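Visitor: below are the sequence and a predicted model for it; my questions follow.
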Amino acid sequence: MATAMGKRLDGKTILVTGASSGIGKATALEFARTSPKNLKLILTARRFDALKQVAEEIKAEVGEGVKVLPIQLDVSKKENIDKFIAELPEEFKEIDILVNNAGLVRGVAKAPEIAAEDLEVMFNTNVHGLIHMTQAVLPIFQKRPDGGRGDIINLGSVAGREAYPGGSIYCATKAAVRSFTDALRKELIATRIRVIEIDPGQVETEFSVVRFYGDKAKADAVYAGCDPLTAEDIAEVIVFTAGRPENVVIADTLIYPQHQGSPTTMHRRS
């Protein structure tokens, strides 16, 4: 029997960026499980082979009721986003929900030793990419009756609320996302377009591996002695926000694992 949330998501077209792994992949799977009979998923990431594997996993688990369109996309380049939106197949053009999940962190350097390349890739992906994707999808929402309808779900971070040493650029990008999200919600207040932000604390994904330039041992050390959140924990919250009745906006959500009280306040088992 379909749940109330599953019924509300029935027939939706959902775009998830950064969907090849981690939170994005888990979110795609959670949407499919929640509304498995009539759903369209557009999944984007830079790693197309991984995206195809996600699509195969969804089909194996829920069957043919969920149509999945995997598309290789680097959101850090505006021209790629514009081309992607323009070339969407007709049956996938009417996007209902945008999950701006693509993002990354590079390095732990402090000023003045922050690499220019790391600074640029973080801002281009985390900030510029999110804003360009939002602006590309928003006209689709706005052309609908009553001033427009749709959901914009932005993945922020606790790092956007409280900065920490060695993370200044990443923290700055997530603070920018937070400000953009807050302003966008106010700009769209006369519409039925919901603007939602979800700020995870410590989550164990490939995130830390990227931060340490592929050094798995250093990445694993981040989670030693504690029980971090999982990608599935965050995916459940994302789908929950999208599955609320239309007049309910889960505008702002901060999610910690039990051992964490801030970016720098954590209890680790000895």
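Guide: Noted; the coordinates are in hand.

Visitor: list the strands paired with the helix or strand where residue 99 lies, with their directions.
Guide: If you go by DSSP states H and E, residue 99 is part of strand 97-100. As defined by DSSP bridges, the strand partners of strand 97-100 come to strand 13-16 (parallel), strand 149-155 (parallel).

Visitor: tell me the most buried of these?
Guide: strand 13-16 (a mean of 25; mean count of other CB atoms under 10 Å). To be clear about C-beta, it is placed using only N, CA and C from the backbone, and glycine gets the same treatment.

Visitor: list of residues touching that strand?
Guide: 24, 27-28, 31, 39-44, 92, 94-99, 101, 137, 242 (CB atoms under 8 Å, 6 or more residues apart in numbering).

Visitor: in strands only, show me these.
Guide: Counted as lying in strands by DSSP state E, out of the contacts of strand 13-16, are 39, 40, 41, 42, 43, 44, 97, 98, 99.

Visitor: the fifth one is in contact with residue 70, isn't it?
Guide: Pointing back at residue 43 there. Yes - using CB atoms under 8 Å, residue 43 makes contact with residue 70 at a distance of 4.9 Å.

Visitor: about what we covered before: now the strands paired with strand 97-100 in TSV, with distance to residue 230?
Guide: Converted to TSV, the strands paired with strand 97-100 look like this (distance: least, CB to CB, whole Å):
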stretch	distance to residue 230
strand 13-16	17
strand 149-155	15
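
Visitor: okay, these in CSV with mean pLDDT and distance to residue 253 next?
Guide: Converted to CSV, those look like this (pLDDT from 0 to 100; distance: least, CB to CB, whole Å):
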stretch, mean pLDDT, distance to residue 253
strand 13-16, 98, 17
strand 149-155, 98, 10
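
Visitor: need the contact list for residue 126.
Guide: 103, 104, 170, 173, 174, 176, 177.

Visitor: identify, from the residues you listed, the entry nearest to residue 112.
Guide: Distances from residue 112 to these, taken as CB to CB, are shortest for residue 170 (16.9 Å).

Visitor: and that closest one, what helix or strand is that in?
Guide: Residue 170 is part of helix 168-187, with elements assigned from DSSP H and E.

Visitor: partner strands of the following helix or strand past that helix and their direction?
Guide: The helix or strand immediately downstream of helix 168-187 is strand 192-200, counting by DSSP H and E. Counting by DSSP bridges, the strands paired with strand 192-200 are strand 149-155 (parallel), strand 252-255 (parallel).

Visitor: so how far is strand 192-200 off the chain centroid?
Guide: Centroid displacement of strand 192-200 relative to its chain, using CA atoms, centre = their mean, to the nearest Å, is 11 Å.

Visitor: stretch 257-270 too?
Guide: Relative to its chain's centre, stretch 257-270 lies at 23 Å (CA atoms, centre = their mean).

Visitor: could I have that stretch exported to CSV, CA atoms only?
Guide: Extracted in CSV, the C-alpha atoms of stretch 257-270 (Å, rounded to 0.1, in the frame of the first residue of the first chain):
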residue,chain,number,x,y,z
PRO,A,257,25.2,12.6,14.7
GLN,A,258,24.9,12.0,18.4
HIS,A,259,28.5,12.6,19.2
GLN,A,260,28.7,16.1,17.5
GLY,A,261,27.7,19.5,18.9
SER,A,262,29.3,21.8,16.4
PRO,A,263,32.0,21.5,13.6
THR,A,264,34.7,21.4,16.3
THR,A,265,32.8,19.9,19.3
MET,A,266,32.8,16.1,19.1
HIS,A,267,33.1,13.2,21.5
ARG,A,268,35.2,10.3,20.3
ARG,A,269,35.5,6.9,22.0
SER,A,270,38.9,6.2,23.4
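
Visitor: buried residues, that stretch. List them.
Guide: For stretch 257-270, burial by neighbour count (16 or more other CB atoms under 10 Å) applies to 257, 259, 260, 263, 266.

Visitor: so who does the last one touch?
Guide: Residues in contact with residue 266, defined by CB under 8 Å, 6+ apart, are 202, 226, 259, 260.
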